[in-house]
Each structure stands twice: as structure tokens, then as C-alpha cells.
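> Just a sequence and a predicted model for now, questions to come.
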Amino acid sequence: MNRIVIIGNGFDKAHSLPTGYGDFLSHLINSVAKFEKNDSSRHKQIINGRECGNNRGYFHKLTTDGKEDNWIGVKQIQNELKFKLVVNPHNKSIYFKSLFQDNERLGYWSDLESHYFQTLVKHKESEEETTLINSEFKHLKNLLFEYLKFEIEENTGFEKKYDIHSISPIYDMLKLRHNDYEFEKNYFVTFNYTSKILNQYVMWLKDRNEKEFPLLPIHIHGDLYDSTNPIIFGYGDENSPEYKDLELIQNNELLVNFKTFQYLRSSKYNEVLGLLEDSTENYIQIIGHSSGLCDKALLRTIFQHDNVKHIESTYYKDESKYFENLFNISRIFDDNTLMRKKIIPLSDTFKIE
């Protein structure tokens, strides 16, 4: 029996990395809105060391070349010393405008990739609007890359802002023997863009076990430091009726950010398929991945593969999280009978405390 460990964003968050969408978008606010108290005890807006803005209270984000950001700025919340993200009033916006309005309505940040897909579907008949949405989404992707690389990854390590601490309950789960199975080989497939903490786990496991562990996980969604494996950020449910409608429209701009095509930028997808073929008996262990529809294209291939015999979706503290994951997994499978055959039941699933 081989084990393939699927790593999602919950793994990073369990190690105190601020990698959630809310963390990222809060960073965008903070990168624009920096407070400084003056002698009269009033707060003023400081951007790159100087005041910016207008009488309407809008403050724009400055790029590295000193130019105004095309789409993103912040605005002070009335009668509060807080700011919120708003679109640049000087430029047309569809995606960012809808995203920020959605946050106002819901009170929290929705899934950026799912929101992109929903926005694209609404504007699918207009080539001009599709191009604008893709331009905005590309800009968001670049901002996310900069945040993860320079704010998170470069501040992660021993005795750094985000410290790599040693043994945790997750480590105990990754020992060679688990649920009465002793694994011949262990592989890691990470959907995260970060790498330092997971790489350290692999080194610890390799040092403390006689059987060989792979040196590095497969970064299926890209590597911050490898230009040959660029970041994949988009949508992955190629089986939905909405996607089928997009395919029928003769506009390739509608398809450029779908993961089914983005996976072909590198060999990582084929490497994952190779893991599935390495043994006829594979145990899938999911850590920190919600199995959402944004990754359905790949997860469907993995979960329904004939060589995958067991799937364990670990959960955090509350058993309701187990069932949330299970409901999402059921949307990946074409056949719930097959799903029930493969899924490890709650009583035998590892709970992360």
C-alpha cells in the first residue's frame, strides 16, 4: 500500500501562516492604509511616506513604479478609523467591483476563484467584458503571488516571523503506520504555493524512518521559486453545465483561467498520474484541503482512479468539519456508491486537535 498525502491551505493555517483569502485581502488594505498619529492626536492616511487621496476619502494603492493601481484602492469607513477595499473610481471594473460588493453583502470574503467563475458566466456574451474580467483576475493573481512570496514564504523559517516548529499531531499522523496500514512509499501532492514548512516535514520524516521518503512534494499548483512551474490560479469544475456553455462560445478568453488547461503548463499533472500508477493499492490522505469544486478536475481523477482504494479526509476538532469535507467530496464523485466504498469512516479518521 502506497500513501499519497494531499496538502491544502488548512495545513498552512494549522501552522499559523496567514494564507487565507481574508488574510490576503486584509494585507491589500494594510499595504495602502497605514496609520500614523500626529501631534494633534488625529489620524492621517500615509502611503509610501506621504499623504494621498481626495476629498471623498479614497486612497489609491501605489505600484512599485509610483503609478496608481488600475483597480484597487481603499476608502475610510465613515466615522471609523478603519478602511475597506474599493475599486479605483477612475477606471472601469467588473470583477473587483463584484468581489468587494459581495464582501459588503456577506460580511466575509468569498472564494476568489469561484467568484471569478461566477462573474465570467454572467458576462460571457461580451468579449470586451470577458477581457476586462481576465485582466482584473490576472492582476489579482500577481498581487497574490507577491504576497505569498515576499510576505509569507520569505518570512518563514527557524526563528523567523512564521517559525517552523517541530513535532505536531500532523507529524504523528504521517508516520509509516496508520489505521493498521504500513505504507511502502509515501508521496506528497500539495495544492499550496508555499513550501518551507511542508519540505521540513518531509525531511523530518525521512530522517526518522528507515524507509525512503521523496525529497520534495509535487507542487501541483505551482512553485513560487520555479518559473518552469508557474502559479495556477483559476477554476477547476469542467463538468458543470455552465462550463459546457462557455466551451460552446467561440471566445477562447473564456477558457484561459481554467485549471484543465493550466495544468499543461508543466509536467506536474502527469507526475501525479504517475504516482497513481506506481501501485495498484493507494491510500489517499487529505490534510487541510476542503475538496471544493475549484479543484474538481484533478481531484475527480485521483478519487475515482481504480488504484485508489481508500480516502481519508482528516478534519479539525469538530466532527461537523468531517461531514463538510464529505459533502464536498460527494460533489467530486460521479458515483456515491463508489465514494462510500473508498471513504474512511469518521470513527477511523484522524482528528487534528
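Received, thanks.
> burial measure for the closest residue to Y162 other than its chain neighbours, as a count.
Leaving aside its sequence neighbours, Y162 sits nearest to T156 (C-beta to C-beta, 6 or more residues apart in numbering; 4.3 Å). To be clear about C-beta, it is placed using only N, CA and C from the backbone, and glycine gets the same treatment. By the criterion of other C-beta atoms under 10 Å, T156 has 21 neighbours.
> show me where the stretch 201-350 of the chain has strands.
218-219, 282-287, 308-313, 315-316 (DSSP state E, counting those that start in this stretch).
> before we move on, back to that, S195 versus the residue nearest to Y162, what's the distance?
Going from T156 to S195 by C-beta to C-beta, to the nearest Å gives 9 Å.
> go on, K13?
On the measure of C-beta to C-beta, K13 and S195 end up 15 Å apart.
> now do H289
In terms of C-beta to C-beta, H289 sits 16 Å off from S195.
> before we move on, the earlier item: what are the phi and psi values for the residue nearest to Y162?
Main-chain torsions, T156, degrees, to the nearest 10: phi -110, psi 130.
> Could you do P217 as well?
According to degrees, to the nearest 10, P217 has phi -70, psi 160.
> That one reaches I7, doesn't it?
Yes. The pair P217 and I7 passes the contact test of C-beta atoms under 8 Å, sitting 6.9 Å apart.
> residue boundaries of the strands in the stretch 1-150 of the chain?
Counting by DSSP E, counting those that start in this stretch, the strands of the stretch 1-150 of the chain are 2-7, 34-37, 43-46, 58-62, 68-76, 83-87.
> where does the stretch 201-350 of the chain dip in pLDDT?
Residue ranges of the stretch 201-350 of the chain with pLDDT under 70: 209-215.
> now the helices for it?
Per DSSP state H, counting those that start in this stretch, the stretch 201-350 of the chain carries helices over the ranges 241-248, 259-262, 268-278, 296-303, 319-332, 336-342.
> most tightly surrounded among those helices?
helix 296-303 (a mean of 21; mean count of other C-beta atoms under 10 Å).
> between it and helix 241-248, how big is the angle?
With axes from the mean of the first three to the mean of the last three C-alpha atoms, to 10 degrees defining the directions, helix 296-303 sits at 120 degrees from helix 241-248.
> contact partners of helix 296-303?
4, 6, 220, 236-239, 258-260, 263, 269, 272-273, 276, 284, 291, 308, 311, 329, 331-334, 339, 342 (C-beta atoms under 8 Å, 6 or more residues apart in numbering).
> Before I go, just wanted to say thanks for your time.
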